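Asks: What follows is a predicted protein model with its sequence.
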Amino acid sequence: MRSSLVLRAASLAAIVFAAGCGGSGSSEPVATTEVAMAKSYRFDPKTIEIEAGERVTWTNGDNFTHTVQVDGQEDHKVERGESVSIAFPRAGTYHYVCTLHSRDMEGEVTVR
Ligand SMILES: [Cu+2]
């Protein structure tokens, strides 16, 4: 049971690795503290990786108001042309959404 789970995880990682060079469809984390809310209804890049203690800044370049809510914490409204910065003092994996468009707009911050 246990070994088959490990095998599954390994083959999944291989698939993700193979797809890693594919361009915009990739979910490979990008090492950056800047996320754009790009046209239309997108976080770009969607999956990022930072160091503990860094702040991530989301900037709204879309034509609509969006929000950033990290793991069910306070929801930050970001109007067109504005930005919000959120500090990540602790290591972990944080999922975030735009609560106005949660079906299309979500992403992940991995803090090392
Ligand atoms: Cu939105």
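Replies: Looks like it came in fine. Residues are numbered from 1 along each chain as shown.
Asks: Val109 is in what secondary structure piece?
Replies: Take DSSP states H and E as the rule and Val109 turns out to sit in strand 106-111.
Asks: Now do that strand: everything it contacts.
Replies: Here strand 106-111 makes contact (C-beta atoms under 8 Å, 6 or more residues apart in numbering) with 29, 35, 43, 45-52, 54, 56, 70, 88, 90-98. For glycine as for every other residue, the C-beta is placed from the backbone atoms N, C-alpha and C.
Asks: Name the residues of the chain found near the ion, please.
Replies: Residues of the chain found near the ion (C-beta under 5 Å from the ion) are His66, Cys98, Leu100, His101, Met105.
Asks: who touches the second one in this structure?
Replies: With contact taken as C-beta under 8 Å, 6+ apart, Cys98 is in contact with Met37, Tyr41, Phe43, His66, Thr67, Val68, Gln69, Asp104, Met105, Glu106.
Asks: do the fourth one as well
Replies: The contact partners of His101, taken as C-beta under 8 Å, 6+ apart, are Tyr41, His66.
Asks: One more pass at 10 Å, please.
Replies: Met37, Ser40, Tyr41, Arg42, Asp62, Phe64, Thr65, His66, Thr67 (C-beta atoms under 10 Å, 6 or more residues apart in numbering).
Asks: swap in Thr93?
Replies: Pro29, Thr47, Glu49, Asp71, Glu108, Val109, Thr110, Val111.
Asks: worst-scoring helix or strand of the protein, pLDDT-wise?
Replies: helix 2-19 (a mean of 49; mean pLDDT, DSSP states H and E).
Asks: For ChimeraX, write the select line for the buried members of the contacts of strand 106-111.
Replies: To isolate the buried ones among the contacts of strand 106-111 in ChimeraX, judged by 16 or more other C-beta atoms under 10 Å, type:
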select :29,35,43,45,46,47,48,49,50,56,70,88,94,96,97,98
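Asks: And what about Gly53, helix, strand or coil?
Replies: coil (DSSP: H, G, I helix; E, B strand; the rest coil).
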